[in-house]
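>>> next come a sequence and a model predicted from it.
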Amino acid sequence: MKRKLRYAMVGGGPGAFIGAVHRTAARLDGLAEIVAGAFSSSPEKSSETGKELHLDPQRVYGSWKELLREEALRTSDRLDFISIVTPNFLHYPVAKAALEAGFDVVCDKPMTLTVEESEDLCKTVSKTGRLFALTHNYTGYPMVKEARKLVAEGKLGTLRKIVVEYPQGWLSTMLESDGHKQAVWRADPEKAGISSALGDIGTHCENLVHYITGLEMDKMLADLGTVVSGRALEDDASVLIKYKGGARGILYCSQISIGEENNLSIRVYGSKAALEWRQENRNYLRMKFPDAPEQILKRGSAYLGAAAAKASRLPGGHPEAFIEAFANVYSNAIRCIAARSAGAAPDALDNDFPTVQDGARGIHFIHTAVKSHKLQEWVDASYTPPR
C-alpha cells in the first residue's frame with residue numbers, strides 16, 4: 001500500500017502502561033498511525049488521552065461500542081485494524097465485535113477468559129476471513145527466532161527437556177489493596193479470569209515453548225499457590241509437563257519472587273545440544289554441546305538466519321529490546337494486512353506472528369492447569385485446534 005495503515009485503540013488510557021507500549025510499537029517502522037480510539041470506560045479519560053495524542057475529537061469515543069458503530073459507517077479514511085489493550089475480560093467481546101464489523105484485530109493476551117470464548121473467536125476469525133494477531137511479543141525477539149530455526153533444523157537433535165520460567169516480584173505484597181491500577185484488575189477474577197500468574201505471565205512461558213520447539217503438550221501436573229494472604233487468585237505456579245514425543249518440561253511462573261523483575265528464560269535440551277535464552281539478556285543465545293566449547297550467538301550478526309536478521313533493526317552491539325520485539329509482531333501483521341488489501345500474497349517471513357490459534361492454545365493451557373491443581377493429579381493436556 002502507498003499509505004500508512006489507520007488503526008484505532010480500545011483501552012490504553014491514563015495510567016495504562018501497556019497502551020503506550022503498543023502505540024510506540026505500532027508506529028516504530030512507520031507503517032501505521034493511530035487515528036481513533038476509545039481509551040477508557042470513562043468518556044472524560046478517553047477524551048484526555050485523545051487530546052494527548054492529538055487526535056480528531058470526533059474520532060475519540062466514550063465506549064468501544066460507540067467506536068465500532070461509528071467507524072464502521074465511515075466511507076473515507078476507514079480504519080484498517082483495531083488494537084485491543086484492555087483488561088482481560090474485554091478482549092473477547094471487543095475482538096468478536098470488531099471482526100464482525102469488518103476490522104482486522106491486534107489483541108493483547110490472554111485472548112479470552114474461557115475456553116468457549118477462545119474457540120468461538122477462532123470460528124469468528126475463520127468465518128469473517130479477517131486477520132487476528134496476538135501480541136505474545138517475546139516471539140518478536142531476533143534470538144528467539146534464531147532459537148526456533150536451530151530447533152527446526154535439528155541442531156539440538158531429539159528434544160528431551162524444556163525448562164521455562166518467568167519470575168517477577170512486584171506482587172509480593174497486597175499491592176492491589178493500595179489501589180495500584182495494574183494490580184487491582186489482575187487480582188479481580190471478574191476482570192482477570194480464573195488465573196493471575198498463569199494468565200498474565202504463564203501464558204508467555206507456554207507460548208515461548210511452543211513457538212521455539214513446536215512441541216504439543218500431552219499431560220500436565222500443576223501446583224498453584226496463593227502466597228500472599230487475602231489474594232483472590234494464584235500468584236505462584238509450578239507445572240510439570242509431558243510433551244507428545246517424549247520430551248519432559250518444567251514451567252514456573254511467579255509474581256511473588258522478591259528481587260525478580262521480568263526474568264523470563266528458557267532452556268531446551270536435546271540429544272545433540274542445548275540452547276538457553278534470557279529476556280533480560282535478550283540479544284544473546286547460548287548453545288551448549290557435550291564435546292565442544294559453548295557458543296554465544298549474537299543479535300545483528302551475519303551468520304544468523306533470515307527471520308532473526310529481519311527482526312533486527314540495529315547493528316550488533318546496539319541493544320534492541322522490548323519495544324522492538326513488540327514492533328516485530330505489529331509490523332509483520334500490518335504488512336500482511338496491507339498485502340491482502342493490495343491483492344498480493346504476504347512474504348513468508350511476514351506471516352511470523354502469533355494468531356488466534358495461539359491464543360486459544362494459551363487459554364486451554366490456563367484452564368487445564370487450574371483443573372490439574374484442583375484435582376491434584378496428572379490430567380490430559382492435549383490441545384485440538386477448533387474448527
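On my side now, so go ahead. Note that this is a predicted model, so its numbers are computed, not measured.

>>> what about stretch 132-152, how long is it end to end?
Stretch 132-152 has its terminal residues 25 Å apart, counting by C-alpha to C-alpha, to the nearest Å.

>>> give the buried residues for that stretch.
Residues of stretch 132-152 classed as buried by neighbour count (16 or more other C-beta atoms under 10 Å): 132-151. Every residue, glycine included, has its C-beta placed from N, CA and C.

>>> so which residue of the protein lies furthest out from the middle?
Ranked by distance from the centre of the chain (C-alpha atoms, centre = their mean), the top residue is Asp291, with 36.6 Å.

>>> name the element that residue belongs to?
Secondary structure from DSSP states H and E places Asp291 outside every helix and strand.

>>> now it: how far from Lys272?
10 Å (C-beta to C-beta, to the nearest Å).

>>> next secondary structure element downstream of the helix or strand containing Leu99?
Taking DSSP H and E as the criterion, Leu99 maps to helix 91-100. Tracing the chain past helix 91-100, the next element assigned as helix or strand by DSSP H and E is strand 104-107.

>>> helices or strands next to that next one in the packing?
Counting contacts by 3 or more C-beta pairs under 8 Å, 6 or more residues apart in numbering; DSSP states H and E, strand 104-107 is packed against strand 81-85, helix 91-100, strand 132-134, helix 322-341.

>>> got the buried residues for it?
Buried residues in strand 104-107 (16+ other C-beta under 10 Å): 104-107.

>>> next, the buried residues of stretch 280-300.
Buried residues in stretch 280-300, counted by 16+ other C-beta under 10 Å: 282-283, 285-287, 297, 299-300.

>>> next: stretch 53-67.
By neighbour count on 16+ other C-beta under 10 Å, the buried set for stretch 53-67 is 53, 55, 59-62, 64, 67.

>>> what do you get for stretch 119-129?
Neighbour counts over stretch 119-129 (16+ other C-beta under 10 Å) mark 119-122, 124-125, 128 as buried.

>>> quick revisit: so which of the buried residues of stretch 280-300 belong to helices?
The helices, defined by DSSP state H, take in nothing from these.

>>> quick one: distance of the helix or strand of the chain with the lowest mean pLDDT to the chain centre.
Using mean pLDDT, DSSP states H and E, the weakest-scoring helix or strand in the chain turns out to be helix 181-186, at a mean of 87. With C-alpha atoms, centre = their mean, to the nearest Å as the basis, helix 181-186 stands 18 Å off its chain's centre.

>>> which other residues reach the next helix-or-strand element following it?
The element immediately downstream of helix 181-186 (helix or strand, assigned by DSSP H and E) is helix 189-192. Here helix 189-192 makes contact (C-beta atoms under 8 Å, 6 or more residues apart in numbering) with 87-89, 185-186, 199-200, 232-233.

>>> which residues in the stretch 151-300 of the chain form strands?
Ranges of strands within the stretch 151-300 of the chain are 159-167, 217-225, 236-243, 248-254, 265-270, 274-278, 284-288, 295-298, based on DSSP state E, counting those that start in this stretch.

>>> so which bits of the helix holding Leu99 are buried?
91-92, 94-99.

>>> for stretch 175-191, same thing?
For stretch 175-191, by 16+ other C-beta under 10 Å, it's 175-176, 180, 182-188.

>>> wait, isn't Met287 in contact with Ala274?
Yes: between Met287 and Ala274 there is a contact at 7.3 Å, judged by C-beta atoms under 8 Å.

>>> where are the low-confidence patches of this structure?
Across the chain, the ranges flagged by pLDDT under 70 are 1.

>>> pick out the residue closest to the middle of it.
His136 (1.8 Å).

>>> tell me the one of the buried residues of stretch 53-67 nearest Gln357?
Nearest to Gln357, judged by C-beta to C-beta, of the buried residues of stretch 53-67 is Trp64 at 24.2 Å.

>>> torsion angles phi and psi at that closest one?
Dihedral pair for Trp64: phi -70, psi -30, per degrees, to the nearest 10.

>>> hang on, it packs against Val94?
Yes: the criterion here is C-beta under 8 Å, and Trp64 meets it with Val94 at 5.2 Å.

>>> buried ones in stretch 72-88, by neighbour count?
Residues of stretch 72-88 classed as buried: 79-88 (neighbour count, 16+ other C-beta under 10 Å).

>>> let me have those in TSV, extended by distance to Pro386.
Below are the buried residues of stretch 72-88 laid out as TSV (distance: C-beta to C-beta, whole Å):
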residue	distance to Pro386
Leu79	27
Asp80	26
Phe81	22
Ile82	22
Ser83	24
Ile84	20
Val85	24
Thr86	23
Pro87	24
Asn88	19
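
>>> and which of these is nearest to Asn332?
Using C-beta to C-beta, Phe81 comes nearest to Asn332 of those, at 12.8 Å.

>>> contacts only, for the closest one.
Phe81 makes contacts with 5, 7, 32, 103-106, 131, 333-334, 337, as judged by C-beta under 8 Å, 6+ apart.

>>> please report how far it lies from Ser41.
22 Å.

>>> domain parsing for the chain?
In terms of domains, the chain is parsed into 5-138+327-359, 141-316+369-380 (source: automatic domain parsing).

>>> endpoints of the last one, how far apart?
With C-alpha to C-alpha as the measure, the first residue of domain 141-316+369-380 is 31 Å from its last.

>>> what do you get for stretch 55-73?
For stretch 55-73, the end-to-end distance is 19 Å (C-alpha to C-alpha).

>>> that one: how far from the chain's middle?
On C-alpha atoms, centre = their mean, the centre of stretch 55-73 falls 26 Å from the chain's centre.

>>> list the contacts of that stretch.
Counting by C-beta under 8 Å, 6+ apart, 8, 10, 34-39, 41-43, 46-47, 49-51, 78-79, 82, 86, 90, 94, 97-98, 101-103 sit against stretch 55-73.

>>> could the buried residues of stretch 53-67 go into TSV alongside secondary structure?
Listed next are the buried residues of stretch 53-67 as TSV, based on DSSP: H, G, I helix; E, B strand; the rest coil:
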residue	secondary structure
Leu53	coil
Leu55	coil
Arg59	helix
Val60	strand
Tyr61	coil
Gly62	coil
Trp64	helix
Leu67	helix
